[in-house]
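Chemist: Below are the sequence and a predicted model for it; my questions follow.
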Amino acid sequence: MLWDMQKIIKEEDFQTLTANITSQDLEDMLSYYDFIQKQTVAVKNRLESQKLKRNKWIVIQLQKELFSLERSAKEVLDKMKKAVSKNKNVSSKFSSLKSMKGIKDKTALLLTAIFLKYPNMTAKELVALSGLDPIEKTSGTSVKKKPKISKKGSILIRKMLFMPTLSMIRNNQAIRILYLRLLDKGKSKMTAIIAIMRKILVIAYALFRKQEMFDEEKYLSIIGGVKK
């Protein structure tokens, strides 16, 4: 039966299934990168304390360790970019993420790994995964506390998105307009920043799935802003 089938079908009618290791590779390397970053922070803190004690030998050893960690972090990022470049489809999606002003390699690589791992999640699920979903805490019926984010999701997403969000608030006109509107509504700066982080995450996911470049003028027209 198999012999008869191979005589009937044409070569272009079937495909050999291949495992998409890009997602797992990126996830593993991101986890390792985060591990290196934690070590780097610990070494930097120890280095500062030793400088005050003026133990030159220990300072030199810590400086060497810090240099090694920073070099390792760069190697991991280069390895991740190489993995992305090998897959034409993923590479295109990666470029879509970087089309947003403020999103650099590290953040784009993180988002690529997350989006590849959960390709069918909704925007609501994505926000929950990042721990940026707002929750409201109440005590009985009389006490109502200010809403806060759940922080139950990936702390790495929140860490990686924070600085790019600040950059985009300064340099991306569309994002800045949304941020200023939140402040005008009486939101605190941190509350507004977290809301913008959620917005950026959702926009990035849409760009990734559609393989589209961020069009600032188009987005400005959607939100009713004017480019300056």
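Modeler: Alright, I've got the coordinates. Numbering: from 1, shown residues only.
Chemist: where does this protein dip in pLDDT?
Modeler: The chain contains residues with pLDDT under 70 at 2-22, 134-154, 224-228.
Chemist: Please report the residue range of the longest helix in it.
Modeler: Within the chain, and with DSSP state H defining each element, the longest helix by residue count is helix 21-53.
Chemist: helices or strands up against that helix?
Modeler: helix 56-85, helix 105-117 (3 or more Cβ pairs under 8 Å, 6 or more residues apart in numbering; DSSP states H and E). Yep, even glycine has a C-beta here, placed from its N, CA and C like the rest.
Chemist: Select, out of the ones you listed, the one closest to residue 182.
Modeler: Nearest to residue 182 among those is helix 105-117; the distance by Cβ to Cβ comes to 21.5 Å.
Chemist: that older thread, tabulate the helices and strands packed on helix 21-53 in CSV, adding columns for distance to residue 171 and mean neighbour count.
Modeler: Formatted as CSV, those follow (distance: least, Cβ to Cβ, whole Å; neighbours: other Cβ atoms under 10 Å):
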stretch, distance to residue 171, mean neighbour count
helix 56-85, 22, 15
helix 105-117, 14, 22
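Chemist: Could you dump the ones you listed into a markdown table with distance to residue 209 added?
Modeler: A markdown table is the format used below for the helices and strands packed on helix 21-53 (distance: least, Cβ to Cβ, whole Å):
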| stretch | distance to residue 209 |
| --- | --- |
| helix 56-85 | 16 |
| helix 105-117 | 8 |
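Chemist: Does residue 69 touch residue 39 like I think?
Modeler: Yes: assessed by Cβ atoms under 8 Å, residue 69 is found in contact with residue 39 at 5.7 Å.
Chemist: Strictly from the record, what residue spans define the domains of the chain?
Modeler: Domain segmentation of the chain under automatic domain parsing yields 20-86, 89-228.
Chemist: could the ones you listed go into TSV alongside distance to residue 1?
Modeler: Putting those into TSV (distance: least, Cβ to Cβ, whole Å) gives the following:
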stretch	distance to residue 1
domain 20-86	31
domain 89-228	35
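Chemist: For stretch 209-225, give me every contacting residue.
Modeler: 89, 92-93, 95-96, 99-101, 115, 119, 172-174, 177-178, 203, 206-207, 226-227 (Cβ atoms under 8 Å, 6 or more residues apart in numbering).
Chemist: Buried residues, it. List them.
Modeler: Neighbour counts using 16 or more other Cβ atoms under 10 Å place 214, 216, 219-220, 225 of stretch 209-225 among the buried residues.
Chemist: Out of the residues you listed, list just those in helices.
Modeler: Those of the buried residues of stretch 209-225 lying in helices (DSSP H): 216, 219-220.
Chemist: now what about the helix or strand that contains residue 90, what contacts it?
Modeler: Residue 90 belongs to helix 88-98 when assigned by DSSP states H and E. Identification of contacts with helix 88-98 by Cβ under 8 Å, 6+ apart yields 22, 84-85, 103-105, 107-109, 111-112, 115-116, 204, 207-214.
Chemist: swap the cut-off to 10 Å and go again
Modeler: Applying Cβ atoms under 10 Å, 6 or more residues apart in numbering, the contact partners of helix 88-98 are 20, 22-23, 26, 80-81, 83-85, 87, 103-105, 107-113, 115-116, 203-214.
Chemist: Kindly report the same for stretch 155-163.
Modeler: Stretch 155-163 is contacted from outside by 30-31, 33-34, 37, 102-104, 106-111, 113-114, 126, 129-132, 149, 151, 154, 165, 168, 193-194, 196-198, 200-201, 204, using Cβ under 10 Å, 6+ apart.
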